[in-house]
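Student: Below are the sequence and a predicted model; questions follow.
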Amino acid sequence: MGRIAIVGPSYPFRGGIANFSNHFARGLQNAGHDVHLFTYTIQYPRWLFRRNQLSDEPPPPVPLTRLIHAFNPLTWGPAAQHIAHWRPDLVIYPFWLPLMGFSSSLIAKRLRKLHPSAIHLGLIHNFNPHERRLGDTFFRKSFVEAMDGAFTLSRAVEAAWRAYTPKAVAFFWHPLFPAEVDPQTSREAACARLNLPPEKQYLLFMGLVRPYKGLDMLLRAWAGVLPHITPDWQLIVAGEFYEPEAPYRALVEELGIAERVVWRPGFVPQADFGYYFRAAHALILPYRAATQSGHPFWAYQYECPILVTRVGGLYEVVEAFGGGIIVEPSVEGLTEGIQKLIQTRREAFQADFVRARNELRWETLAAKLWTWTQEAFAR
């Protein structure tokens with residue numbers, strides 16, 4: 001087996017990219033590899049990102065070193081020297097924002113001179129940014145030039161890489177996140193944990209609220225659904241607003257659905273994910289645009305069906321494994337899909353969840369990645 005370095009967000013930072021790196025490192029380690037996480041001292045400076053960046057979760061059981069200030073180039077050369085001293089066979093760099101990939105590209109270029117035998121791969125979570133920023137083209141080009149190749153967790157992202165560069169790329173399925181709550185926790189117990197009345201029925205929107213995630217479309221669709229369902233149904237909106245919350249509150253009042261929406265603004269800790277998925281009848285992902293999301297891979301673990309829009313790579317897992325319904329990214333599509341999902345018992349998707357748990361495993365990703373790497377980059 002090999003020595004594998006992951007360079008980028010991980011513990012103690014919170015968020016989907018860091019969380020994936022933590023679990024991925026553990027999966028690689030369980031597969032027999034020697035793994036080390038090299039992460040940031042500072043990920044986003046306070047002047048750029050004023051929210052809390054640190055996780056309350058426990059650290060992964062993997063060696064970890066904090067040595068990179070993502071916006072201070074004076075730390076990038078010493079970081080490359082430190083990583084080179086560890087002598088990795090494979091170095092993996094998560095990529096999700098072009099700007100955040102710039103430090104990785106220069107570390108990789110320096111590391112290539114110090115330790116020429118290492119293979120450098122991008123782990124591409126998102127190749128084309130949802131919200132374009134000045135410098136994106138330059139930063140992305142620099143990152144691609146620094147890599148030997150890349151792997152992705154969605155076919156849409158794989159296609160985007162292939163359209164941009166002839167460098168090698170592979171697609172692997174995103175594994176299910178391990179359960180932190182008993183997957184068979186009763187709905188009543190989950191509701192009690194979240195202080196939700198158990199006599200109500202719930203649909204769930206969860207995650208960061210940004211324009212491309214379509215919460216406004218979902219609220220309009222929910223207003224259209226309500227006249228056709230029993231009065232015990234409610235929509236939970238749980239997540240941190242990365243734009244003003246007031247317009248969404250105003251829309252709910254305008255639509256006259258305030259009594260049928262449960263607001264849970266703020267960052268949702270990972271420890272509560274399982275309770276939300278066990279309390280809800282289904283998770284709704286009403287995105288206008290997307291490449292992928294980690295939420296389906298939590299929901300499947302807790303046997304929570306998904307309604308997902310047909311955008312980017314978001315729907316690929318439902319198309320391949322079932323476990324939910326795919327709709328068009330419109331108010332009409334969401335309205336029709338929600339009504340259909342409400343009429344479908346969760347148990348109807350049980351076989352899909354069993355298959356997903358059997359096939360979408362971290363050890364499988366580790367094995368397939370290592371085999372592909374040895375074949376594609378034999379030296």
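Tutor: Yes, it's here. Numbering: from 1, shown residues only.

Student: Now do stretch 206-223, average pLDDT.
Tutor: Taken as a whole, stretch 206-223 has a mean pLDDT of 95.

Student: What's the end-to-end length of that stretch?
Tutor: One end of stretch 206-223 to the other measures 18 Å (Cα to Cα, to the nearest Å).

Student: List the buried residues of it.
Tutor: Buried positions in stretch 206-223, judged by neighbour count with 16 or more other Cβ atoms under 10 Å: 206-207, 209-210, 213-223. Where C-beta positions appear, they are placed from N, C-alpha and C, glycine not excepted.

Student: Report the distance from that stretch to the chain centre.
Tutor: 17 Å (Cα atoms, centre = their mean, to the nearest Å).

Student: got it, and stretch 119-131?
Tutor: 13 Å.

Student: Okay, buried residues for that stretch please.
Tutor: Under 16+ other Cβ under 10 Å, the buried positions of stretch 119-131 are 119-128, 130.

Student: Quick one: residues contacting L123.
Tutor: 24, 92-95, 150-153 (Cβ atoms under 8 Å, 6 or more residues apart in numbering).

Student: tell me which element it is part of?
Tutor: strand 119-124 (DSSP states H and E).

Student: Does anything pack onto the following helix or strand past that strand? Which helices or strands?
Tutor: Where DSSP H and E defines the elements, the next helix or strand beyond strand 119-124 is helix 136-146. On a contact count with 3 or more Cβ pairs under 8 Å, 6 or more residues apart in numbering; DSSP states H and E, helix 136-146 meets helix 98-114, strand 119-124.

Student: Which strands border the next helix or strand after helix 136-146, and is each parallel or antiparallel?
Tutor: Going down the chain from helix 136-146, the next helix or strand is strand 149-152, by DSSP H and E. Next to strand 149-152 in the sheet, as set by DSSP bridges, lie strand 119-124 (parallel), strand 168-171 (parallel).

Student: Mean pLDDT added to these, as a markdown table?
Tutor: Below are these laid out as a markdown table (pLDDT from 0 to 100):
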| stretch | mean pLDDT |
| --- | --- |
| strand 119-124 | 98 |
| strand 168-171 | 98 |
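
Student: Those strands: which one's closest to L251?
Tutor: strand 119-124 (34.3 Å; Cβ to Cβ).

Student: mind exporting stretch 314-323 as CSV, just the C-alpha atoms?
Tutor: What follows is stretch 314-323, C-alpha atoms only, in CSV (Å, rounded to 0.1, in the frame of the first residue of the first chain):
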residue,chain,number,x,y,z
LEU,A,314,-27.1,16.3,-8.3
TYR,A,315,-29.6,13.7,-9.5
GLU,A,316,-27.1,11.0,-10.6
VAL,A,317,-27.2,9.0,-7.4
VAL,A,318,-31.0,8.8,-7.5
GLU,A,319,-30.9,7.9,-11.1
ALA,A,320,-28.5,5.1,-10.4
PHE,A,321,-29.6,3.8,-7.1
GLY,A,322,-33.2,4.9,-6.6
GLY,A,323,-34.2,6.1,-3.2
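
Student: How much space separates I236 from D272?
Tutor: 12 Å (Cβ to Cβ, to the nearest Å).

Student: quick one: T335 and H228 touch, right?
Tutor: No - the criterion here is Cβ atoms under 8 Å, and T335 misses it with H228 at 9.0 Å.

Student: more crowded one of the two?
Tutor: T335 (20 against 10; other Cβ atoms under 10 Å).

Student: Who are the contact partners of that one?
Tutor: Here T335 is in contact with 221, 224-225 (criterion: Cβ under 8 Å, 6+ apart).

Student: F267 - nearest residue in space that isn't next to it in sequence?
Tutor: Distances taken as Cβ to Cβ, 6 or more residues apart in numbering place E240 nearest to F267, at 4.6 Å, with adjacent residues excluded.

Student: And that neighbour, its phi and psi?
Tutor: phi -90, psi 130 (degrees, to the nearest 10).

Student: Likewise for G322?
Tutor: phi 80, psi -150.

Student: Which residue is the nearest non-sequential neighbour of it?
Tutor: Using Cβ to Cβ, 6+ apart, the closest residue to G322 is D352 (3.5 Å).

Student: Show me the shaky parts of the stretch 51-200 of the chain.
Tutor: Across the stretch 51-200 of the chain, residues meeting the criterion (pLDDT under 70) sit at 51-56, 130.

Student: 80 - rerun?
Tutor: Residues of the stretch 51-200 of the chain meeting the criterion pLDDT under 80: 51-58, 129-134.

Student: one step back: with neighbour numbers in mind, choose between I236 and D272.
Tutor: Neighbour count, other Cβ under 10 Å: between I236 and D272, I236 has more, with 22 against 17.

Student: I'd like the distance between the residue nearest to F267 and A279.
Tutor: Distance, E240 to A279, using Cβ to Cβ: 19 Å.

Student: Those two - which one has more neighbours?
Tutor: Set E240 next to A279 and count neighbours by other Cβ under 10 Å: A279 wins out with 26 against 15.

Student: which residues touch the more buried one?
Tutor: For A279, the contact set (Cβ under 8 Å, 6+ apart) comprises 187, 190-191, 194, 196, 202, 204.

Student: again, only using 7 Å
Tutor: Residues near A279 by Cβ atoms under 7 Å, 6 or more residues apart in numbering: 187, 190-191, 194, 196, 202.
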